[in-house]
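A.B. asks: Could you look at this predicted model? Sequence included:
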Amino acid sequence: MAKQQTKLGLKENWRQFALLLIVNAFVGGMVGLERTILPKLAEEEYRIFSPSIILSFIIVFGFTKAITNYFTGKFANSIGRKNLLIIGWLVAIPIPFILMDANHWNWVIFANVLLGINQGLTWSSTVVMKIDLVGKQQRGLAMGLNESFGYFSIALVAFSTGWIASEYGIRPFPFYQGIAFVVLGLLLSIFFIKDTMHHVNIEEQSSSIKLLKNIFKETSWTNNNLGSISQAGFVNNLNDGMIWGVLPIILTSRAFSIKEVAIIVAIYPAVWGIGQLVTGKLSDLYDKKIMLSLGMLLQAISLIAMFFATTMTWFIALAVLLGVGTAIVYPTFLSAISDYTNPSQRAQSIGVFRFWRDSGYAFGAICTILISNFFDIEFSLVIIGILTLISAIIIKIRMD
């Protein structure tokens, strides 16, 4: 009976889709708690000034989230999307309290282990559920809306934590928001969100896409299209991991105030988030290969140019350009992965892609540490910008 009543489409499932957008905003807010002030917290509260130690929280977060992404995709069909979403929120309960009261940096690292698990379970689940709901024709729009809500929330909370920290101190007030995010996200997930496996079963009946023989291997590299998308996702988050950890340090070293740092740091994910309202739909209409290569090219240009930036106006302009480049690729990644996989394997293939993509966070931080051992830390902008340019070229050459 449930199958007969189940229909694919954004209009047909708008209530569940809207609820998932709200949940994803709370998911993004959990990351936004740390985006601006954690490097400052390391310096002021723990007297930690070494970039390698400060960036350790990103390394832990990136690897934990990447591994959780993989297993979320692997078990999405057997355990259920909704159940994984609820588990993700349960894991998040201690995070704001640890960040408020931690008396040692190791507790902050532990909070980021929990945050990585939370993000891997919740964000992956909401992504897959939205793709399940809308069907093939509107995947790009669905992913644009999903990522837009999530990353605009990151930007909003990144700005609010910076502002609250400048007015009332770096702890505990900025982290009170996290308690609200966890409570609301958990309640919505338990009482209002419904699983979407019936939608997958319906789409599978009409799909002509062949099953992948080795989902991990083919999504990672051997399939020309899936492999190109996965490497680009990895490099995208490689540069985002570097920006997350290094940009506040660079701006502070150039005598920008914490409010100015908060504005610049928030603009990039804000443009990234809002931009996806447009670029998600465009990925349904235009060639995904062109969009992916263009987006990575814009990111490369903005990163390299940041090395030479000296004024707030310049940094804001480049943060906007970086946000536009990322907005072009982010929803396109997920809709393209879905285009090249059978519905029954989609969750697992997306899990593999998100494993590599979010490993980029950790490797971005590691690359920054290695670069800073031989060069000024600001030079990491140039090197990772060049890697991003190479990624754009790989897409242009390798994708069909």
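C.D. replies: Received, thanks.
A.B. asks: Next, work out how far apart the closest residue to residue 320 other than its chain neighbours and residue 233 are.
C.D. replies: Nearest residue to residue 320, sequence neighbours excluded (Cβ to Cβ, 6 or more residues apart in numbering): residue 271, at 5.2 Å. No exception for glycine: its C-beta is placed from N, CA and C like everyone else's. Distance, residue 271 to residue 233, using Cβ to Cβ, to the nearest Å: 19 Å.
A.B. asks: which one of these two has more residues nearby?
C.D. replies: More neighbours surround residue 233 than the other of residue 271 and residue 233, with 25 against 22 (other Cβ atoms under 10 Å).
A.B. asks: looking at it, the more buried one is touching residue 353, isn't it?
C.D. replies: Yes - in this structure, residue 233 is within contact of residue 353 by Cβ atoms under 8 Å, at 5.9 Å.
A.B. asks: tell me, what's touching the two both at once?
C.D. replies: residue 333 (Cβ atoms under 8 Å, 6 or more residues apart in numbering).
A.B. asks: outside of stretch 366-374, which residues touch it?
C.D. replies: 51-52, 55, 59, 238, 241-242, 245-246, 377, 379-380, 383-384.
A.B. asks: what helix or strand is residue 380 on?
C.D. replies: Residue 380 is located in helix 380-398, with elements delineated by DSSP states H and E.
A.B. asks: Report the buried residues of that helix.
C.D. replies: Buried residues in helix 380-398, counted by 16 or more other Cβ atoms under 10 Å: 380-385, 387-389, 391-392, 394-396.
A.B. asks: Take those residues and write them to CSV, including pLDDT.
C.D. replies: Putting these into CSV (pLDDT from 0 to 100) gives the following:
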residue, pLDDT
380, 92
381, 95
382, 95
383, 95
384, 94
385, 97
387, 97
388, 98
389, 99
391, 99
392, 99
394, 98
395, 98
396, 97
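A.B. asks: Counting residues, which helix of this protein comes out longest?
C.D. replies: Scanning the chain for the helix with the most residues, using DSSP state H, yields helix 343-374.
A.B. asks: the inter-axis angle of that helix versus helix 380-398?
C.D. replies: Between helix 343-374 and helix 380-398, the angle comes out at 140 degrees (axes from the mean of the first three to the mean of the last three Cα atoms, to 10 degrees).
A.B. asks: average pLDDT across helix 343-374?
C.D. replies: Mean pLDDT, computed over helix 343-374, is 93.
A.B. asks: Same check on stretch 15-34?
C.D. replies: Mean predicted confidence for stretch 15-34 is 96.
A.B. asks: Check the gap between residue 74 and residue 355 for me.
C.D. replies: 10 Å.
A.B. asks: Comparing these two, which shows the higher neighbour count?
C.D. replies: residue 355 (28 against 17).
A.B. asks: which ones are touching the more buried one?
C.D. replies: Listed by Cβ under 8 Å, 6+ apart, the contact set of residue 355 reads 66, 67, 69, 70, 73.
A.B. asks: redo that, cut-off 6 Å
C.D. replies: Neighbour list for residue 355: 66, 69, 70 [criterion: Cβ atoms under 6 Å, 6 or more residues apart in numbering].
A.B. asks: Could you check the pLDDT of the second one?
C.D. replies: Going back to what we said before, that points to residue 69. 98.
A.B. asks: what does the first one give?
C.D. replies: Residue 66 is assigned a pLDDT of 97 by the prediction.
A.B. asks: helices or strands up against the one helix or strand it maps to?
C.D. replies: Element membership for residue 66, per DSSP H and E: helix 56-79. Secondary-structure packing of helix 56-79 (3 or more Cβ pairs under 6 Å, 6 or more residues apart in numbering; DSSP states H and E): helix 105-134, helix 224-253, helix 343-374.
A.B. asks: Without its sequence neighbours, what residue ends up closest to residue 264?
C.D. replies: residue 315 (5.0 Å).
A.B. asks: List the buried residues of whatever helix or strand the one you found lives in.
C.D. replies: Remark: residue 315 resides in helix 312-339, with elements defined by DSSP H and E. By 16+ other Cβ under 10 Å, the buried positions in helix 312-339 come out as 312, 315-316, 318-339.
A.B. asks: If you count contacts, what does that helix end up packed against?
C.D. replies: Looks like helix 312-339 contacts helix 139-168, helix 224-253, helix 258-285, helix 288-306, helix 343-374 (3+ Cβ pairs under 6 Å, 6+ apart).
A.B. asks: Contacts made by the helix or strand harbouring residue 184 with the rest, please.
C.D. replies: Using DSSP H and E, residue 184 maps to helix 176-191. Helix 176-191 is contacted from outside by 23, 26, 29, 30, 33, 85, 86, 89, 92, 93, 96, using Cβ under 6 Å, 6+ apart.
A.B. asks: Find the residue closest to the last one in space, skipping its chain neighbours.
C.D. replies: In space, not counting the residues next to it along the chain, residue 96 is nearest to residue 178; the distance is 3.1 Å by Cβ to Cβ, 6+ apart.
A.B. asks: follow-up on the earlier one: does anything pack onto the helix holding residue 380? Which helices or strands?
C.D. replies: helix 224-253, helix 288-306, helix 343-374.
A.B. asks: want to throw these into CSV with distance to residue 168?
C.D. replies: Listed next are the helices and strands packed on helix 380-398 as CSV, based on distance: least, Cβ to Cβ, whole Å:
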stretch, distance to residue 168
helix 224-253, 19
helix 288-306, 30
helix 343-374, 29
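A.B. asks: Out of those, which is closest to residue 198?
C.D. replies: Taking Cβ to Cβ, helix 343-374 is the member of the helices and strands packed on helix 380-398 nearest to residue 198, at 11.9 Å.
A.B. asks: Which positions in that closest one come out as buried?
C.D. replies: Residues of helix 343-374 classed as buried by neighbour count (16+ other Cβ under 10 Å): 343, 345-369, 371-372.
A.B. asks: ok, now stretch 172-183?
C.D. replies: Buried, per 16+ other Cβ under 10 Å, within stretch 172-183: 174, 175, 177, 178, 181, 182.
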